[in-house]
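In: need a 3D model of the following:
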Amino acid sequence: MKLKRLLYVNILLITCLLIFSLYQMYVVTSVKAALYHVQNELQNTQSELSYLHSELYTIREETKWLSYTDYTAAYPETYGPPVAITISWSFSENESESSVFLRSRAVGESEWHTVDAIQSDELFYEASFDVLPNLEYEYQVVSKGAMTRSSDIDYVPADLYRPQPLTMEFSSYTHTNNDIISAYEAAFSLPANQPDYFKATKAQAIVTDKNGEISKVPLTKNKNGNLEQWKLQISGLQIREIELEVTYGNGKKHTRMIYPYEDYEFDHFYD
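Out: Now for the predicted structure:
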């Protein structure tokens, strides 16, 4: 009798375990299906958001008040600020007989400087103003007629009027004693797409040896991708000090220390 009861209990337990296992499988399967559904919904939502973003961008581009904008610079014959920037633009639409002008200012200033725009075609205009290389500028186009309309405030591309100095990529040297070195090697670069007015045309090292005598060693130039690279190699001297002298397309010469320390302060470069 006891054996039958024990067998019955075991069968009951096994049956319960099977039912519980089947229930767990059902729950896991349901959860997986729900997760799969949620993932599909998320992917569909992301696709819809991407499509809406694309549509909004297209609508914004089609309805932009300034449908075209271009920037040019007029450089002085010899180095010396300012540089004249001309901004050209076209309206997608504009009120006839309206007065159109451009206002500009250095970033951080509160006062706008206004110049009348010159109309070159029905909806095409341009305006010019002077900029200094050590400042950043923003501008806004305004049209005044029966109603006044203004564009978004935008920035003038600084690479048009701000030269970039020849900057060091690496340097190495061989010590003899104290601060005297017997060999020095370095590479410098600047963006190759700068206007010719700002490109380096000549670079040389002014080397002072331990006796105070000065030698000049030219750097060699080559193009490396989007960079214009200049290399310096010095050997056979007892070097105490090295300065880098660079001549730019605008006639400006800039000299800075590169050994025994490198002068990282470029503020005076824009003087």
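
In: for Tyr261, helix, strand, or coil?
Out: coil (DSSP: H, G, I helix; E, B strand; the rest coil).

In: neighbours around it, how many?
Out: 8 (other Cβ atoms under 10 Å). Yep, even glycine has a C-beta here, placed from its N, CA and C like the rest.

In: likewise for Glu95?
Out: Glu95: 15 neighbours (other Cβ under 10 Å).

In: with Leu244 instead?
Out: Leu244: 24 neighbours (other Cβ under 10 Å).

In: what sits closest to it if chain neighbours are left out?
Out: Spatial nearest neighbour of Leu244, chain neighbours left out: Ile258 (4.9 Å); criterion: Cβ to Cβ, 6 or more residues apart in numbering.

In: so what pLDDT did that neighbour get?
Out: On pLDDT, Ile258 comes in at 94.

In: isn't His175 up against Ile181?
Out: Yes - using Cβ atoms under 8 Å, His175 is in contact with Ile181, at 5.7 Å.

In: which one's more surrounded, these two?
Out: More crowded of His175 and Ile181, by other Cβ under 10 Å: Ile181, with 21 against 10.

In: which residues of the chain score low on pLDDT?
Out: Applying pLDDT under 70 to the chain picks out residues 1-10, 51-63, 78-80, 264-271.

In: regarding it, what is its longest strand?
Out: Secondary structure of the chain read by DSSP state E shows that its longest strand is strand 227-248.

In: what residues are up against Ser98?
Out: Contacts for Ser98 were tallied using Cβ atoms under 8 Å, 6 or more residues apart in numbering; they are Ser143, Lys144, Gly145, Ala146.

In: out of the residues you listed, who's nearest Ala205?
Out: For the contacts of Ser98, the minimum distance to Ala205 (Cβ to Cβ) is 54.6 Å, reached by Ser143.

In: count the neighbours of the closest one for me.
Out: 19.

In: wait, it sits on Glu97?
Out: No - counting by Cβ under 8 Å, Ser143 sits too far from Glu97 to count as a contact (10.5 Å).

In: overlap in contacts of these two?
Out: Going by Cβ under 8 Å, 6+ apart, no residue sits against Ser143 while also sitting against Glu97.

In: any idea how far Asp196 is from the residue nearest to Leu166 when sequence neighbours are not counted?
Out: Nearest residue to Leu166 in three dimensions, chain neighbours excluded: Phe188, at 4.5 Å (Cβ to Cβ, 6+ apart). Distance of Phe188 to Asp196, given as Cβ to Cβ, to the nearest Å: 18 Å.

In: tell me which of these two has more neighbours.
Out: Applying other Cβ under 10 Å to Phe188 and Asp196 shows that Phe188 carries more neighbours, namely 24 against 10.

In: now the more buried one: how far from Lys231?
Out: For Phe188 relative to Lys231 (Cβ to Cβ), the value is 8 Å.
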